[in-house]
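>>> Build the 3D model from these lines:
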Amino acid sequence: MSHLGAYLKGLPIVDQTESRLVSEKDLLLSLNKHSCPSSTMGKKSRVKTQKSSSGASAVVSSKEIMNLISELLQKCSSSGPSAGKEWEEYIQIRGLVDKIRKKQKGMSIVFEGSREHYFPDLMSWVQENGASSDGFTVANFGTEGYGLRATRDIKAEELFLWIPRKMLMTVESAQNSALASLYSQDRILQAMGNVTLALHLLCERANPASFWLPYIRSLPQEYDTPLYYQQDEVQLLLGTQAVQDILSQYKNTARQYAYFYKLVQTHPAASKLPLKDSFTFDDYRWAVSSVMTRQNQIPTEDGSRVTLALIPLWDMCNHTNGLITTGYNLEDDRCECVALQDYKENEQIYIFYGTRSNAEFVIHNGFFFQDNAHDRVKIKLGVSKSERLYAMKAEVLARAGIPASCVFALHYNEPPISAQLLAFLRVFCMTEEELKEYLLGEHAINKIFTLGNSEFPVSWENEIKLWTFLETRAALLLKTYKTTVEEDRSMLEKPDLSLHSHVAIQLRLAEKQILEKAWATGLAKRLNFQKKLEEETPLPRCEESDIALLENTNADAKLPIILRKLEEVEEGQGIQAEEHSQLHNGGKVKYGIDMEANGEPTHDEIQEKVNEDVHSSLDSFGNSNQKDQREVEDTSAR
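Residues are numbered from 1 along each chain as shown. Here you go, the predicted model:
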């Protein structure tokens, strides 16, 4: 099964589906539609009560909390702040959340004892319900946290772990739970499977008789996602590409919580939910982080589409570089995982989460992966519509399957730019005569196939221009950061640095190192092609036989650009097309398990929304440098 496609372990719980299917106006109207006097917040078993300094129970007015909730919902549902005001909005939202959390202190449901105390119950539950439990155990791996440790030698590609469907917490199981009545009547739950899964998890946690209790008790009590960062820790990320997504994540979570708090307190279908008397922001933050770091896509029971799921035990595996080795076996109706490599007894068993950048790991998984072969930073480029040659450039790009405006990536590995970005820059820097050659010249169609191939330059002058552009662009982006690489490295050596601060600075440093590498590559390439021009080196020419060769090679840089899917356009859109496919192996239909989706990627309307937003939402380098960033984009357009 090592060849199976996958859906990355852990994905963002965001409002992409909400913004498309349920407008803010609809959201507020739906609240007003079924609003009624809220019930008094009560105390349940296993629920802590807030104590005053004298030891007496503190009385927290439900009306007082509801007023704060309404204010929070209004603040989070207002139109987005103007450029440069995002941090100010974040502080205001966080201030309201902190007031609510203070009022709710001691009201969350908690389990006695440590997480480790419940691992034996988890393993017994797994064995009783038909999942694999031989060959590994749960162990503590220090800075990596808990993971799976081999208790015997395991061979590469050996099937060692499987979990049947009945043990999975899914959107489908939520529709057959206490949440069913509310789900059937609330459009936001119907549109946002990840939110449904979070509330499903909270309802089951509050149910002492829940089938999933052994699994839920084994989950972390807190996470390291940015939702748990202190304000000064988030501030360390100002100026980075990640900060905009982090601020949006917090705002989305606060809005979702405020909306569902009101819904739980006022909607008749929620009157019997176990959340009725205890639904704190900390509860929702925990559930969101649990889902965000663990949710996966699996096929529905009839196999007609995909749904979101939490997969017990399998989600204990930590990440390393490699290939996807997990899939879903529809015939046996279970999630299956084969070993990524040979593992000796007592070694940690890893899986590959997918090709995520460190920004995505930090935001959605809560960790920084030091040796991330797939790390990258985003760069938005576009041909200005006011440019005289815009129509010609847009046509050449269209023939190559590349938009005239697109979010690309600068990569950590070699080469730092993809074939798609190379093709774009070549067209971006073409003269009018060069454009005519690719539109009207002899073998014009064939030439399109070579745009992303480094072996066949358009001209030496064109190569010099594009590498000069990349060199200049990377230098400009480096100047937008408030600290240098040396300052970041010095800060990382401080012994009293918090874990979250350490991760934030690591991420900030990683972005700069990728930009530095792109700058150095641009410089070296520019000098190389200047030398070729000065020496009048003959320009390599592509023959028709070369085209046939290009179509049959596996080397990324040699694939015809028009035949391949844009990885940069796909970034943030969800499952890539090749990972949607059903793989047949030995007569068994299997679905890869991956998780790089935002919300519910199977809906066409959500894909359309992502397509609409990709040019505007992914090009954020932080609030503190908005002016500098706009200047950089203007340079790009010119």
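>>> all strands for the chain, in order.
136-140, 146-150, 159-164, 169-170, 296-299, 306-310, 318-319, 326-329, 334-338, 348-351, 376-382, 405-411, 583-585, 588-592 (DSSP state E).
>>> what's the least confident stretch among those strands?
With a mean of 27, strand 583-585 has the lowest mean pLDDT of the strands of the chain.
>>> what's the longest helix in the chain?
The residue-count maximum for a helix in the chain (DSSP state H) belongs to helix 499-534.
>>> other SSEs contacting it?
helix 231-235, helix 358-360, strand 376-382, strand 405-411, helix 460-479, helix 485-492 (3 or more Cβ pairs under 8 Å, 6 or more residues apart in numbering; DSSP states H and E). Where you see a C-beta, it was placed from the backbone N, CA and C, and this is true even at glycine.
>>> Comparing these, which comes out most buried?
Burial of the helices and strands packed on helix 499-534 is given as mean neighbour count (mean count of other Cβ atoms under 10 Å); helix 358-360 ranks first at a mean of 24.
>>> ok so, going back, looking at the helices and strands packed on helix 499-534, which is closest to Met107?
The closest of these to Met107 is helix 231-235. By Cβ to Cβ, the value is 23.0 Å.
>>> CA atoms only for the closest one - export them in PDB, please.
Provided in PDB are the C-alpha atoms of helix 231-235 (Å, rounded to 0.1, in the frame of the first residue of the first chain):
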ATOM      1  CA  GLN A 231      -0.500  37.600  22.600                       C
ATOM      2  CA  ASP A 232       3.300  38.300  22.800                       C
ATOM      3  CA  GLU A 233       4.000  35.000  21.200                       C
ATOM      4  CA  VAL A 234       1.700  35.700  18.300                       C
ATOM      5  CA  GLN A 235       3.400  39.100  18.000                       C
END
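>>> Excluding chain neighbours, what is closest to Lys447?
Tyr438 (5.2 Å; Cβ to Cβ, 6 or more residues apart in numbering).
>>> residues in contact with the one you found?
396, 399, 427, 430, 444, 447-448, 451, 458 (Cβ atoms under 8 Å, 6 or more residues apart in numbering).
>>> closest to Ile324 among those?
Nearest to Ile324 out of these is Leu451 (Cβ to Cβ; 29.7 Å).
>>> Is that closest one in contact with Ala400, as I believe?
Yes - between Leu451 and Ala400 a contact is recorded at 5.3 Å, counting by Cβ atoms under 8 Å.
>>> More neighbours: which of these two?
A count of neighbours by other Cβ atoms under 10 Å puts Leu451 above the other of Leu451 and Ala400, at 27 against 23.
>>> Identify the residues contacting the more buried one.
Counting by Cβ under 8 Å, 6+ apart, Leu451 has contacts 396, 400, 422-423, 426-427, 438, 458, 561.
>>> same question, Lys272
Residues in contact with Lys272, defined by Cβ under 8 Å, 6+ apart, are Ala178.
>>> Just to check, Asn346 is in contact with Leu148?
No - between Asn346 and Leu148 there is no contact under Cβ under 8 Å: 11.5 Å.
>>> Compare these two and say which is more crowded by neighbours.
Leu148 (25 against 11).
>>> Any figure for the gap between that one and Ile349?
From Leu148 across to Ile349, the span is 4 Å (Cβ to Cβ, to the nearest Å).
>>> pLDDT below threshold where in the stretch 101-250 of the chain?
Counting by pLDDT under 70, the stretch 101-250 of the chain has no low-confidence residues at all.
>>> give the contact list for the closest residue to Ser124 other than its chain neighbours.
Among residues not flanking Ser124 along the chain, Pro214 sits closest, at 7.4 Å (Cβ to Cβ, 6+ apart). Neighbouring residues of Pro214 by Cβ under 8 Å, 6+ apart: 118, 121-122, 124-125.
>>> same deal with Ile351?
Counting by Cβ under 8 Å, 6+ apart, Ile351 touches 9, 314, 317-320, 322, 325-326, 337, 340.
>>> Neighbour count and distance to Ser290 added to those residues, as TSV?
Putting the contacts of Ile351 into TSV (neighbours: other Cβ atoms under 10 Å; distance: Cβ to Cβ, whole Å) gives the following:
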residue	neighbour count	distance to Ser290
Lys9	28	13
Trp314	24	14
Cys317	23	16
Asn318	18	16
His319	21	17
Thr320	16	22
Gly322	14	25
Thr325	27	23
Thr326	28	19
Cys337	25	20
Leu340	22	24
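>>> Output these as CSV; include the columns distance to Leu389.
Formatted as CSV, the contacts of Ile351 follow (distance: Cβ to Cβ, whole Å):
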residue, distance to Leu389
Lys9, 45
Trp314, 53
Cys317, 51
Asn318, 50
His319, 45
Thr320, 46
Gly322, 44
Thr325, 48
Thr326, 48
Cys337, 52
Leu340, 49
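>>> Can you tell me which of those residues is nearest Thr143?
Closest to Thr143 out of the contacts of Ile351 is Asn318 (10.6 Å), distances taken as Cβ to Cβ.
>>> was I right about that closest one contacting Tyr350?
Yes - Asn318 sits in contact with Tyr350 when judged by Cβ under 8 Å, with a separation of 5.7 Å.
>>> The residue nearest to Gln190 when sequence neighbours are not counted: how many residues sit nearby?
Excluding its sequence neighbours, the residue lying closest to Gln190 (Cβ to Cβ, 6+ apart) is Tyr183, at 6.7 Å. For Tyr183, the neighbour count with other Cβ under 10 Å is 19.
>>> what bridges to Ala309?
Going by DSSP bridges, Ala309 is paired in beta bridges with Thr170, Asn296.
>>> For it, which residues are in contact?
Ala309 makes contacts with 168-171, 197, 295-298, as judged by Cβ under 8 Å, 6+ apart.
>>> would you turn those into CSV with distance to Asp232 and neighbour count?
Shown next, in CSV, are those (distance: Cβ to Cβ, whole Å; neighbours: other Cβ atoms under 10 Å):
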residue, distance to Asp232, neighbour count
Leu168, 39, 23
Met169, 35, 26
Thr170, 38, 23
Val171, 37, 24
Leu197, 31, 28
Gln295, 30, 30
Asn296, 33, 27
Gln297, 36, 29
Ile298, 39, 23
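>>> Spell out which two among the residues you listed are the most distant pair, please.
Met169 and Gln297 (13.5 Å).
>>> before we move on, back to that, can you pull the buried residues of the longest helix of the chain?
Under the neighbour-count criterion of 16 or more other Cβ atoms under 10 Å, helix 499-534 has 500-512, 514-515, 517-519, 521-523, 525-526, 529-530 buried.
>>> okay, the contacts of Ala309 in CSV with distance to Arg489 next?
What follows is the contacts of Ala309, written out as CSV (distance: Cβ to Cβ, whole Å):
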residue, distance to Arg489
Leu168, 43
Met169, 42
Thr170, 44
Val171, 44
Leu197, 40
Gln295, 35
Asn296, 36
Gln297, 38
Ile298, 42
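>>> What is the nearest of the residues you listed to Ala178?
Among the contacts of Ala309, Met169 lies closest to Ala178 (Cβ to Cβ), at 13.2 Å.
>>> check contacts around the closest one.
Met169 neighbours (Cβ under 8 Å, 6+ apart): 197, 200-201, 204, 212, 215, 309-310, 312.
>>> redo that, cut-off 6 Å
Residues near Met169 by Cβ atoms under 6 Å, 6 or more residues apart in numbering: 212, 310.
>>> separation between it and Leu421?
Taking Cβ to Cβ as the measure, Met169 falls 40 Å from Leu421.
>>> C-alpha coordinates for stretch 482-500, PDB please?
Output of stretch 482-500 as PDB, limited to C-alpha atoms (Å, rounded to 0.1, in the frame of the first residue of the first chain):
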ATOM      1  CA  LYS A 482      12.000  43.600  11.300                       C
ATOM      2  CA  THR A 483      14.700  41.200  12.400                       C
ATOM      3  CA  THR A 484      17.700  39.700  10.600                       C
ATOM      4  CA  VAL A 485      18.700  36.000  10.300                       C
ATOM      5  CA  GLU A 486      21.500  36.600  12.900                       C
ATOM      6  CA  GLU A 487      19.100  38.200  15.400                       C
ATOM      7  CA  ASP A 488      16.700  35.300  15.100                       C
ATOM      8  CA  ARG A 489      19.400  32.800  15.600                       C
ATOM      9  CA  SER A 490      20.600  34.700  18.700                       C
ATOM     10  CA  MET A 491      17.000  34.800  20.100                       C
ATOM     11  CA  LEU A 492      16.700  31.000  19.700                       C
ATOM     12  CA  GLU A 493      19.600  30.500  22.000                       C
ATOM     13  CA  LYS A 494      17.900  32.200  25.000                       C
ATOM     14  CA  PRO A 495      17.300  29.600  27.700                       C
ATOM     15  CA  ASP A 496      14.100  31.200  29.000                       C
ATOM     16  CA  LEU A 497      12.300  31.200  25.600                       C
ATOM     17  CA  SER A 498       8.800  29.600  25.700                       C
ATOM     18  CA  LEU A 499       8.000  26.700  23.400                       C
ATOM     19  CA  HIS A 500       5.600  28.800  21.400                       C
END
